[in-house]
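Engineer: sequence plus predicted model, see below.
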Amino acid sequence: MSGREFFKERYANLGWKHRNVAPRRAIRINVMNAEPSEVTERLQERGVKLEKIPFLDTGFWVSAADFSVGATSEYLLGLYSIQEAAAQIPVSLFEDPAGRTVLDACAAPGGKTVQLADAMRGTGVVMALDVDRRRLEALSNHLERCRVKNAICCMLDARRASTLEVKFDLVLLDVPCSGNFAADRGWFERRTIEDVQRNASVQREILAEAAKVVKEYGEIVYSTCSLEPEEDELNVDWAVKNLNLQTVRINCYGQEGLTEVFGRRLDDSVRNCRRIWPGPTQGFFVCKLRLRRQHD
């Protein structure tokens, strides 16, 4: 099952009417390398018009530029990263990441890895995994450009993270997913519900591995750029019911997670997640989890 009308009907049943959107370009200042005011002033002197993104600390919409913002000396020096606005949210949900041991389980191409290192101010350590050697090389280049010194890159499938024999304070699961039409012009023509189901199965394997490697008082942030509930709320519902995990209330851009999906009632705690329908950002989903403790 596939096609534009099939997915549009699904979204309508989930409470959102499909419309064509054009997500706005965005950048994020790397504060470990420069003060935001310095970077914005330098870009504005070049004729780049910036607008502060209200739900992000160091994110800016690029509202006008006569050239690519990926071709400036400031970009090449790692003073900022080109990073979609919704994609900047997951890392921002970690509380006090400085000095922590962090797993970025599906790291390439590295935007969130750099953001993690930036939030940690170069302290602690980020273990960045990817299963593809070429993607890992791109990740390494990205980290080098942004002058990240506290990350270790490792070619390893996130579904085997426990073989590292390390327990992590924080685990970022920006899992491989089906994507969404707002970020991919030909998405409706290529994507099928069978693809979604396959991706959801892999995501559950990654979630299960994360539950093994997170410390007792650690945090897991799970995110996708998929709009499909199989990869989002249904996976979180499964994790809550099968992995001794519980959701954590978060305060960020987006709507509450769905607790009823196609007539199926989910655990009420799934409402703590955030679903972001396409608009100024691409479609996105994010949730924060931790191990359930005996006294909870």
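Structural biologist: Perfect, thanks for sending it.

Engineer: ok, now how distant is Ile82 from Phe168?
Structural biologist: Ile82 is 27 Å from Phe168, where distance means Cβ to Cβ, to the nearest Å. C-beta: built from backbone N, CA, C; applies to glycine.

Engineer: who has more neighbours, the two?
Structural biologist: Phe168 (24 against 14; other Cβ atoms under 10 Å).

Engineer: what's the spacing between that one and Ala211?
Structural biologist: 11 Å.

Engineer: please work out how many residues are found near the closest residue to Glu205 other than its chain neighbours.
Structural biologist: Distance criterion Cβ to Cβ, 6 or more residues apart in numbering; nearest residue to Glu205, sequence neighbours excluded, is Arg159 at 4.6 Å. Neighbourhood size, Arg159 [other Cβ under 10 Å]: 18.

Engineer: can you check Thr163 too?
Structural biologist: Using other Cβ under 10 Å, Thr163 has 11 neighbouring residues.

Engineer: equivalent analysis for Lys167, please.
Structural biologist: For Lys167, using other Cβ under 10 Å, the count is 15.

Engineer: skipping adjacent residues, who's closest to it in space?
Structural biologist: Distance criterion Cβ to Cβ, 6+ apart; nearest residue to Lys167, sequence neighbours excluded, is Lys215 at 4.8 Å.

Engineer: kindly report the same for Tyr75.
Structural biologist: In space, and not counting its chain neighbours, Tyr75 is closest to Val69: 6.4 Å by Cβ to Cβ, 6+ apart.

Engineer: state the pLDDT value of the one you found.
Structural biologist: Looking at Val69, its pLDDT is 91.

Engineer: again with Ala65
Structural biologist: At Ala65, the pLDDT value in this model is 74.

Engineer: Ile27 is in contact with that one, correct?
Structural biologist: No. Judged on Cβ atoms under 8 Å, Ala65 makes no contact with Ile27 at a distance of 10.2 Å.

Engineer: more crowded one of these two?
Structural biologist: Using other Cβ under 10 Å as the criterion, Ala65 and Ile27 rank with Ile27 on top: 28 against 15.

Engineer: ok, the residue nearest to Lys167 touching Phe168?
Structural biologist: Yes. Lys215 is within contact range of Phe168, at 6.5 Å (criterion: Cβ under 8 Å).

Engineer: sorry, back to before: doesn't the residue nearest to Lys167 belong to a helix?
Structural biologist: No. With DSSP: H, G, I helix; E, B strand; the rest coil as the criterion, Lys215 is strand rather than part of a helix.

Engineer: from now on call the first residue 869
Structural biologist: Got it, first residue is 869 now, which makes that one Lys1083.

Engineer: distance-wise, check it relative to Asp1037.
Structural biologist: Lys1083 sits 6 Å away from Asp1037, going by Cβ to Cβ.

Engineer: do Phe874 as well
Structural biologist: Per Cβ to Cβ, Phe874 is found 42 Å from Asp1037.

Engineer: same deal with Val1108?
Structural biologist: With Cβ to Cβ as the criterion, Val1108 and Asp1037 are 21 Å apart.

Engineer: what's the answer for Ser1137, then?
Structural biologist: Applying Cβ to Cβ, the value for Ser1137 to Asp1037 is 22 Å.

Engineer: lovely, talk soon.
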